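Student: Next one to model:
(one chain, ligands or ions: 2)
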Amino acid sequence: MNARSVIRIGVCGLGTVGQGVWTHLSRIRPELESRLGVKLELTRASVRDLRKRRSVKLPASKLTTDALAVATDPNIDIVCELIGGTTLARNVTLGALACGKVVVSANKALICAHGAEIFATARRHGGHFLFEASVAGGIPIIKALREGLVANRFPLIYGILNGTCNYILTQMEEQDAPYTSVLGEAKRLGYAEADESLDVQGWDTAHKAAVLAFLAHHTWVKPEQMVVEGIDRITPDDFKHAAALGYGIKLLAVIARDFATDELSVRVHPTLLPESHVVAKVSGVFNAVSVRGDVAGTTLYIGRGAGRDATASAVISDLVDAVALLKNDRRAFITARKSSAPEPAMKPCRLAPPEHIRGRYYLRMTVSDEPGVLAQIAHVMASQRVSIASVIQSAQEPAGMASLVLTTHQSDEQAMRATLARLARLRCVREEPLLLRIGDFSD
Ligand code: NAP
Ligand code: HSE
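Tutor: Ligands and ions are numbered 1, 2, ... in the order given. Next up, the predicted model:
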């Protein structure tokens, strides 16, 4: 190339995030150019539908429907993959890396499904893969883990990693808003995935948890190996019951490693958090990530977790690292290399079996309102050695039904799964019980 006097950027995908990147990069380009000492050129972009109306206006010569042509264009140095999904996005990413380019991606589903292959391809061809925007939107959590906290091991990382779900839960709790209308609003605001079931069923959070677990523990954990539960069965009544018990409800990812046994557990589930807990107060599209390091102690990161601008901010931060890499800035090279293609030599750890995952639980059931029901339920729980801590019973429509909310003392996932299966078989239990976890995080 031109002795790195001009660095050319291709953007695959000009949707919510792509348009944000194009807009903000165009705006701050002169300042970045003077700081980086190179010219930056937004060379080409790819989309699916050339006729779609967009907030950014590009000359027709810069726009194509051929994402692979952008990815492998010899005139392009840095490729932003902002398409989403795991098929075309994988081809674009691997194609660009095979040409030795730097790829910047916001695609956590892709990293979760194909991260090992992507990092190996980057190493093989001398390319780089940067992914700050893939977790927690505008919060620089990848940099925090890999750079700021490099001296630490991480016994516990937990937090809110999905802006759509936190927006929905907040609106349901504070405005008593119906779930479906709030989901529609989250889509309109550009927070939700193209397939919103990824958000509300917990899979998007699981993809992000897998990325964080890999960075912190060098182990790829697939979503099917995790407990993954979403927010789609939570009702306004759950917020009322939780509030009566002194809790709010958040969808959390929890990545816990016991360094004594070397067991790792990665899980995603709606969690009751004490109302006074700082993470319980994080509302709307904001994310929060609490990182316990064995040297630094706990650090907490809060910021916008989704949306055009917050995500563009993270992508542009990677673009600047990519430019430094291409300019062969030695210091930046060391930093970015560390965060782009983790070495495979690090020892992975094993996954904790369900009987080793312990906690307290909230159980909501719709039951027949008749004599002996509580005794039957207590019997099932006792048979699995699950100890009841509290019971709230309230009348429910139609007549003859009741809503029963139980909390437990410390138990484990295996016992709770067995309990749920047995409760669901009782004639007096009229709907599949809902199980939520109670978060006992001391810092
Ligand atoms: P989006 O609005 O749906 O945009 C996707 C873009 O890719 C669109 O420009 C679309 O073209 C193009 N595209 C999709 N399928 C294509 C195909 N088969 N061929 C060619 N082009 C195709 O998605 P987004 O919200 O910007 O998200 C992009 C990525 O960022 C995803 O990986 C997502 O998980 C991630 N992310 C999103 C956010 C957020 O807040 N939205 C935050 C963090 C990370 P058209 O415009 O012509 O349809
Ligand atoms: N759909 C995702 C969310 C986008 O709502 O958090 C950010 O990754």
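Student: Please make it C-alpha for all contacts and neighbour counts, starting now.
Tutor: OK.
Student: Could you point out the helix or strand that follows the helix or strand of the chain with the lowest mean pLDDT?
Tutor: Ranked by mean pLDDT, DSSP states H and E, the weakest helix or strand in the chain is helix 330-340, scoring a mean of 48. Moving toward the C-terminus from helix 330-340, the next helix or strand (DSSP states H and E) is strand 350-351.
Student: what's the helix or strand just after that following strand in contact with?
Tutor: Using DSSP H and E, the next helix or strand after strand 350-351 towards the C-terminus is strand 358-368. Strand 358-368 is contacted from outside by 373, 400-413, 428-440, using C-alpha atoms under 8 Å, 6 or more residues apart in numbering.
Student: do that again at 6 Å, thanks
Tutor: Contacts to strand 358-368, defined as C-alpha atoms under 6 Å, 6 or more residues apart in numbering, come from residues 401-412, 428-431, 433-438.
Student: next one: stretch 375-395
Tutor: For stretch 375-395, contacts defined as C-alpha under 6 Å, 6+ apart pick out 402-409, 415.
Student: So residue 173 belongs to a helix, correct?
Tutor: Yes: according to DSSP: H, G, I helix; E, B strand; the rest coil, residue 173 belongs to a helix.
Student: so what pLDDT did it get?
Tutor: Looking at residue 173, its pLDDT is 94.
Student: cool, residue 348 as well?
Tutor: 74.
Student: so it touches residue 215, yeah?
Tutor: No: under the criterion of C-alpha atoms under 6 Å, residue 348 is not in contact with residue 215, lying 10.9 Å apart.
Student: Common neighbours of these two, please.
Tutor: Going by C-alpha under 6 Å, 6+ apart, no residue sits against residue 348 while also sitting against residue 215.
Student: Quick one: name the residues of the stretch 1-150 of the chain near ligand 1.
Tutor: Within the stretch 1-150 of the chain, the positions near ligand 1 by C-alpha under 6 Å from any ligand atom are 13-18, 47-49, 65, 67, 82-84, 106-107, 133-134, 137.
Student: Just the buried ones among the contacts of stretch 375-395, please.
Tutor: Among the contacts of stretch 375-395, those classed as buried by neighbour count (16 or more other C-alpha atoms under 10 Å) are 402-408, 415.
Student: Looking at the record's assignment, how would you partition this protein?
Tutor: For the chain, automatic domain parsing gives the domain ranges 6-134+308-340, 142-305, 354-438.
Student: could these be laid out in TSV, adding distance to ligand 2?
Tutor: Formatted as TSV, these follow (distance: least, C-alpha to the nearest ligand atom, whole Å):
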stretch	distance to ligand 2
domain 6-134+308-340	6
domain 142-305	3
domain 354-438	21
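Student: so where do the strands sit in the stretch 51-200 of the chain?
Tutor: With DSSP state E, counting those that start in this stretch, the ranges of strands along the stretch 51-200 of the chain come out as 63-64, 78-81, 102-105, 128-130, 156-160.
Student: List the residues that contact whichever residue of the stretch 301-443 of the chain sits closest to ligand 2.
Tutor: Nearest to ligand 2 in the stretch 301-443 of the chain, going by C-alpha to the nearest ligand atom, is residue 306, at a distance of 4.1 Å. Counting by C-alpha under 6 Å, 6+ apart, residue 306 makes contact with 137, 163, 191.
Student: one more time with 7 Å, if that's ok
Tutor: By C-alpha atoms under 7 Å, 6 or more residues apart in numbering, the contact list for residue 306 reads 137, 163, 191, 285.
Student: give me the element the residue of the chain most remote from its centre is part of.
Tutor: In terms of distance from the mean C-alpha position of the chain, residue 371 ranks first, at 44.8 Å (C-alpha atoms, centre = their mean). For residue 371, there is no host helix or strand (DSSP H and E).
Student: which residues touch residue 153?
Tutor: 293-294.
Student: Okay, and which of the contacts of residue 306 map to helices?
Tutor: Counted as lying in helices by DSSP state H, out of these, are residue 163.
Student: Roughly how far does the residue farthest from the centre of the chain sit from residue 377?
Tutor: 12 Å (C-alpha to C-alpha, to the nearest Å).
Student: ditto for residue 152
Tutor: 45 Å.
Student: Can you list the low-confidence ranges for this protein?
Tutor: Counting by pLDDT under 70, the chain has low-confidence residues at 1-3, 329-346.
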